[in-house]
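Pasting a predicted model and its sequence here:
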Amino acid sequence: MTKKELAKYVLTHNLNEVIEICKKIINTEDNADNEIILTDSISINDIPDISRKMLYQLQTLHYDNVTDLLDKEHIEKYGRWWYLRGVGKKSLMPIMVYLYKNNLIKDENTINISFFELYNYCIHIYLKKNLTTTPEKINFDLSDKERLMALKLENSKLPQRAKTILISNNIKTIGELLNITKNELSNFPQFGWKTFNDTIKSLKDNYGLELEEIKSHSYIEPFSEVC
């Protein structure tokens with residue numbers, strides 16, 4: 001079982017457990033060379049995807065650097081920046097993600113308990129979005145090949161248009177997809193050549209699999225279990 005599968009499984013359980021597990025996964029996927037070292041010189045302008053409205057609001061209250069967002073004395077003097085009027089969770093999300101990905105929030109005593117609760121909420125939404133799929137229980141008895149055959153197309157790395165068309169034609173898993181030929185795939189309604197080529201490439205690049213040119217006598221059993 002991979003770390004991502006484990007993360008999906010526990011996502012419906014304890015929030016703090018989810019954050020700790022997913023933190024390790026996402027941090028290992030990030031390029032370590034891009035890790036930002038916190039200093040007074042890092043401007044809030046450098047926070048990715050922060051909105052102009054949020055920048056203006058923060059700078060009006062003299063929040064110019066990342067360290068200001070974490071400094072208790074600054075917060076006591078100029079107010080809790082996460083409670084700014086007219087600023088919702090969507091505007092706060094880039095800041096929360098930035099703090100999270102750079103491991104700047106250690107525990108609930110870092111700033112304030114109300115901030116930490118909001119931070120946990122935002123990171124939970126962020127992790128759910130990045131894991132992309134609804135968590136489902138994993139069958140530990142399946143082999144790696146069986147688990148791949150049982151992989152739902154909606155959870156796969158195939159092109160989105162291909163997944164939509166295939167699912168609408170009652171092909172819902174990788175195993176079921178492998179039971180059709182390239183010719184049958186290309187003949188699906190609205191399945192153009194670009195979608196066809198992208199699907200064949202994605203299937204090979206991501207899973208090392210190829211569709212047959214013509215139908216053979218072999219048959220791949222479509223598993224009902226989902227990974």
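Sure thing, it's come through. Numbers count the residues shown, from 1 in each chain.

quick one, helices of the protein?
Ranges of helices in the chain, per DSSP state H, are 3-10, 15-29, 52-60, 66-70, 72-78, 89-101, 113-131, 144-149, 160-168, 174-177, 182-186, 193-207.

and of those, who's closest to residue 42?
Closest of the helices of the chain to residue 42 is helix 66-70, at 4.6 Å (criterion: C-beta to C-beta). Backbone N, C-alpha and C define where each C-beta goes, glycine included.

Tell me, how many residues neighbour residue 208?
By the criterion of other C-beta atoms under 10 Å, residue 208 has 8 neighbours.

Flag the shaky bits of the protein, pLDDT-wise.
Low-confidence segments of the chain (pLDDT under 70): 1-41, 107-110, 130-142, 215-227.

Give me the neighbour count for residue 125.
Neighbours around residue 125, by other C-beta under 10 Å: 15.

There's contact between it and residue 93 in this structure, I believe.
Yes: the criterion here is C-beta atoms under 8 Å, and residue 125 meets it with residue 93 at 7.4 Å.

ok so, going back, any chance of the helices of the chain in JSON lines, plus distance to residue 46?
Shown next, in JSON lines, are these (distance: least, C-beta to C-beta, whole Å):
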{"stretch": "helix 3-10", "distance to residue 46": "29"}
{"stretch": "helix 15-29", "distance to residue 46": "19"}
{"stretch": "helix 52-60", "distance to residue 46": "11"}
{"stretch": "helix 66-70", "distance to residue 46": "8"}
{"stretch": "helix 72-78", "distance to residue 46": "18"}
{"stretch": "helix 89-101", "distance to residue 46": "9"}
{"stretch": "helix 113-131", "distance to residue 46": "19"}
{"stretch": "helix 144-149", "distance to residue 46": "41"}
{"stretch": "helix 160-168", "distance to residue 46": "32"}
{"stretch": "helix 174-177", "distance to residue 46": "41"}
{"stretch": "helix 182-186", "distance to residue 46": "46"}
{"stretch": "helix 193-207", "distance to residue 46": "34"}
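
any idea which of those helices is most buried?
Neighbour counts (mean count of other C-beta atoms under 10 Å) averaged over each of these peak at helix 174-177, with a mean of 22.

who does that one touch, helix- and strand-wise?
Applying 3 or more C-beta pairs under 8 Å, 6 or more residues apart in numbering; DSSP states H and E, one finds that helix 174-177 contacts helix 144-149.

Apply 10 Å and report the result again.
Here helix 174-177 touches helix 144-149, helix 160-168, helix 193-207, going by 3 or more C-beta pairs under 10 Å, 6 or more residues apart in numbering; DSSP states H and E.

And those: which comes nearest residue 70?
From the helices and strands packed on helix 174-177, taking C-beta to C-beta, the stretch that ends up closest is helix 160-168, at 38.7 Å.

Measure how the closest one sits relative to helix 193-207, angle-wise.
Inter-element angle recorded for helix 160-168 and helix 193-207: 90 degrees (by axes from the mean of the first three to the mean of the last three C-alpha atoms, to 10 degrees).

Other residues contacting helix 160-168?
The contact list for helix 160-168 (C-beta atoms under 10 Å, 6 or more residues apart in numbering) reads 152-159, 171-173, 176-177, 180, 185, 188-192, 194-196, 198-200, 202-203.

rerun that using 8 Å as the cut-off
Residues outside helix 160-168 that contact it (C-beta atoms under 8 Å, 6 or more residues apart in numbering): 153-154, 156, 158, 172, 177, 188-191, 195, 198-199, 202.

Same list (those) but as a markdown table, adding distance to residue 101.
Shown next, in a markdown table, are these (distance: C-beta to C-beta, whole Å):
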| residue | distance to residue 101 |
| --- | --- |
| 153 | 30 |
| 154 | 27 |
| 156 | 26 |
| 158 | 28 |
| 172 | 34 |
| 177 | 35 |
| 188 | 40 |
| 189 | 43 |
| 190 | 39 |
| 191 | 38 |
| 195 | 34 |
| 198 | 30 |
| 199 | 32 |
| 202 | 28 |
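
All set now, cheers.
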